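# how would this look folded up:
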Amino acid sequence: MSRQNGRAEEGASDVGEQLALIREAVRETKAGRAKPRTWRGAELAAELPVARVLVDKGLVHLDRYFDYAVPAAMDAEAQPGVRVRVRFGAGEKGGRREGGKLVSGFIVERVAQSEYRGVLAPIAQVLSPERVLGPRLLALCRAVADRYAGTLADVVQLAVPPRRARAEAKSSPEPLPPNAPPDPGSWGRYAAGPGFLTALARGDAPRAVWTALPGATWPQELARAAAAALAGGRGALVVVPDGRAAARVDAALSELIGAGRHVLLTADAGPEERYRRWLAVSRGSVRAVVGTRAAMFAPVADLGLVALWDDGDASHSDPHAPQPHAREVLIQRSVSERAGFLLGGLSCTVEAAQLVETGWARPLAAEREQVRTAAPRVRTVGDGDEARDAAARAARLPTMAWQVVREGLKHGPVLVQVPRRGYAPRLACERCRTPARCRACAGPLEAQAAGELGCAWCGRPEPDWHCAECGGARLRAQIVGARRTAEELGRAFPAVPVRTSGRDHVLASVPEVPALVVSTPGAEPVAEGGGYAAALLLDGWALLGRPDLRAGEEALRRWLGAAALVRGQAEGGTVAVIAEPTLRPVQALVRWDPVGHAVRELSERAELGFPPVSRMASVAGRAEDVVELLRAAELPEGAEVLGPVPLPVPDPGRPRRPGDPPAGEEWERALVRVRPGQGTALAAALKAARAARLVKREGEAVRVRIDPPDLG
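Numbers count the residues shown, from 1 in each chain. A predicted model of the protein is given here:
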């Protein structure tokens, strides 16, 4: 990385004095003197008088360090890793030389001399002597910035929480001695489970992709894995999708090893308390962290295990630039810090399947007989139901579904999963439901202007589409509303209480009494006791019809998440899924085979050149800016540019999101696809092109996202 020096210098009040300082600096340079000079000859630190500072400016063309002089009065506090304030961006104003604005930053290094031989501006203020940006965390942030074509300042802003002076003023407790190695517990249900814990406690770095058995035991199993790493004298980091999951793992770990050895990092704690806990980790007082997405950067000392639960959940992808994914960050930490790696979930993503296929990680799963015992019975609308109920396939609640609900209410609560409103369907063959894809790039087809059919990726029109599977020429798109689901079920079962759980009000648990629990995906409460007696998964097409490359994978993930809360087949647990029974995700649910589904998806993506087999970047902005940036970028050899095509205008009724275009502007998006192994070169080329445009002040800003998880 080139280390350029900031010319954030404040002009002297007298022009003659300024010229004298410059001449003296030139003489010192010719004489080979290393000690820098600052304004008006201020006294500098005796040793290492130059500080390289990461300025808190997330502009891509300023992604470098800037040199500042260290005043002698700040020598003791101005150490690498501390927060400082410096003057940045000196310029002319009103005919006078001004010293720029005060901005925050971090000292990353102290050196003896600067490559810049002019007059250095001094550090204006050391905000805190707390070293919050250590070398290991800095290296991780740099790697993430390079991976996602972002700036180091943006990643550091995600990694280091805002300062709270009162939290820093309080000391952290002394670290407790390591706990005893845990017994395998429910890990004994997996053939390789006890061996994985033993390897962690021994200090090894095993890597596993864990397909968890259905049920509510996965928080205890994650806790035992973390406790095994702690028993070996190393640290542990567990990242989960949301606060509810984090609270469950936190409770399980507290019960297993007691209080004081780990902290919970979630937004629910509040800014000051969260920073206090983060400082305890940074200072080495605790060596284990359980948290949500932001905890992926937690500075755990001597890391022995990184664990991620449910990597397919969209909340693991940060919405702020450069939008890193927790899975990729933890993989990077596992490699660079030589830590064990555990990627777990009830389902299996194609990225997880690829880790196993390449040999980077080993599978950790139970035997099929164990899966059959733990999983509930899954029913679909089959030929027998169709014979008894002619409208079974078209009905939202066919007779089979009513039977499952009625029978389940005799034995306990029944879960009803209903997709959220707002799922936009992709087009599929009306006859066989095969997704309609472009013949040129295999992107999804959509209705474009004037009702014409075209590709959402490359924009190629498809005026004469025919299904490659059955030859059909008619398309369908189905949107099923779910607004009145609770009311409909309440009228159908008037004597049964109906409870709802969703974004505005999420239930943590429900009692073990007969009730209907209507929930959106991801908000399903845990049923106390042995679990739900039955579950009803409604509106399968609303999930399977999303305009997303991951539609099938995501539908299966959400179905498995709900079905896993139902009692096992031996205890009479039953799940009814209302979707076309011949579709691959439905069949994977019936067989409870998420790994097989992921392996087949990975094979198909390899044939079509889709991520994660290939690497892809999304470039969005005004049409002319997108075209100019791609023309200027030195893309890797063989890079394929798809598009640009218009981006849909965001719904004015929903809140704005970080990736939305500016209000009132029409944006387009192009996709750049490269071969495996070229992802780093692709990110570097797009970043360099963006930086060059900003320096030259050409056009408007263009947003670049590497490997977008929600690719349509």
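
# Return the distance of the nearest residue to Ala192 once chain neighbours are set aside relative to Pro194.
Nearest non-adjacent residue to Ala192, counting by CB to CB, 6 or more residues apart in numbering: Leu364, 5.3 Å away. All C-beta atoms are positioned from the backbone trio N, CA, C, and that covers glycine. Going from Leu364 to Pro194 by CB to CB, to the nearest Å gives 11 Å.

# Looking at those two, which one has more neighbours?
The residue with more neighbours, out of Leu364 and Pro194, is Leu364; 23 against 15, by other CB atoms under 10 Å.

# for Arg587, what are its contacts?
In this structure residue 587 is Gln, not Arg. Taking CB atoms under 8 Å, 6 or more residues apart in numbering, we find Gln587 in contact with Pro581.

# host element of it?
Assigned by DSSP states H and E, Gln587 belongs to helix 584-591.

# Quick one: mean pLDDT for that helix?
For helix 584-591, mean pLDDT is 95.

# and Arg362, what does it touch?
192, 206-209, 356.

# so Gly291 touches Asp268, yeah?
No - using CB atoms under 8 Å, Gly291 is not in contact with Asp268; the gap is 10.5 Å.

# neighbour-wise, which of these two wins?
For the pair Gly291 and Asp268, the greater number of neighbours falls to Gly291 (27 against 13), based on other CB under 10 Å.

# Excluding chain neighbours, give the residue nearest to that one in space.
Leu265 (3.3 Å).

# show me the contacts for the one you found.
Shown in contact with Leu265 (CB under 8 Å, 6+ apart): 274, 277-278, 281, 289-292, 294-295, 298.

# Would you mind measuring from it to Gly522?
Applying CB to CB, the value for Leu265 to Gly522 is 20 Å.

# Strands along the stretch 301-450 of the chain, start to end?
In the stretch 301-450 of the chain, the strands defined using DSSP state E, counting those that start in this stretch lie at 303-309, 340-345, 362-364, 377-379, 414-417, 428-429, 445-447.

# any idea which helix is longest in this structure?
In the chain, taking DSSP state H as the definition, the longest helix is helix 679-696.

# which strands and helices sit next to that one?
Secondary-structure packing of helix 679-696 (3 or more CB pairs under 8 Å, 6 or more residues apart in numbering; DSSP states H and E): helix 135-147, strand 615-621, helix 623-632, strand 668-674, strand 703-706.

# how about those in TSV, adding mean neighbour count and distance to Leu647?
Formatted as TSV, the helices and strands packed on helix 679-696 follow (neighbours: other CB atoms under 10 Å; distance: least, CB to CB, whole Å):
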stretch	mean neighbour count	distance to Leu647
helix 135-147	19	24
strand 615-621	23	6
helix 623-632	17	10
strand 668-674	22	5
strand 703-706	23	11
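
# Redo those as a markdown table? Include distance to Arg437.
Output for the helices and strands packed on helix 679-696, formatted as a markdown table (distance: least, CB to CB, whole Å):
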| stretch | distance to Arg437 |
| --- | --- |
| helix 135-147 | 29 |
| strand 615-621 | 16 |
| helix 623-632 | 23 |
| strand 668-674 | 14 |
| strand 703-706 | 22 |
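
# any chance of those in JSON lines, with distance to Leu549 and mean pLDDT too?
Formatted as JSON lines, the helices and strands packed on helix 679-696 follow (distance: least, CB to CB, whole Å; pLDDT from 0 to 100):
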{"stretch": "helix 135-147", "distance to Leu549": "20", "mean pLDDT": "96"}
{"stretch": "strand 615-621", "distance to Leu549": "10", "mean pLDDT": "93"}
{"stretch": "helix 623-632", "distance to Leu549": "21", "mean pLDDT": "93"}
{"stretch": "strand 668-674", "distance to Leu549": "11", "mean pLDDT": "93"}
{"stretch": "strand 703-706", "distance to Leu549": "14", "mean pLDDT": "92"}
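
# Brilliant, that's me finished.
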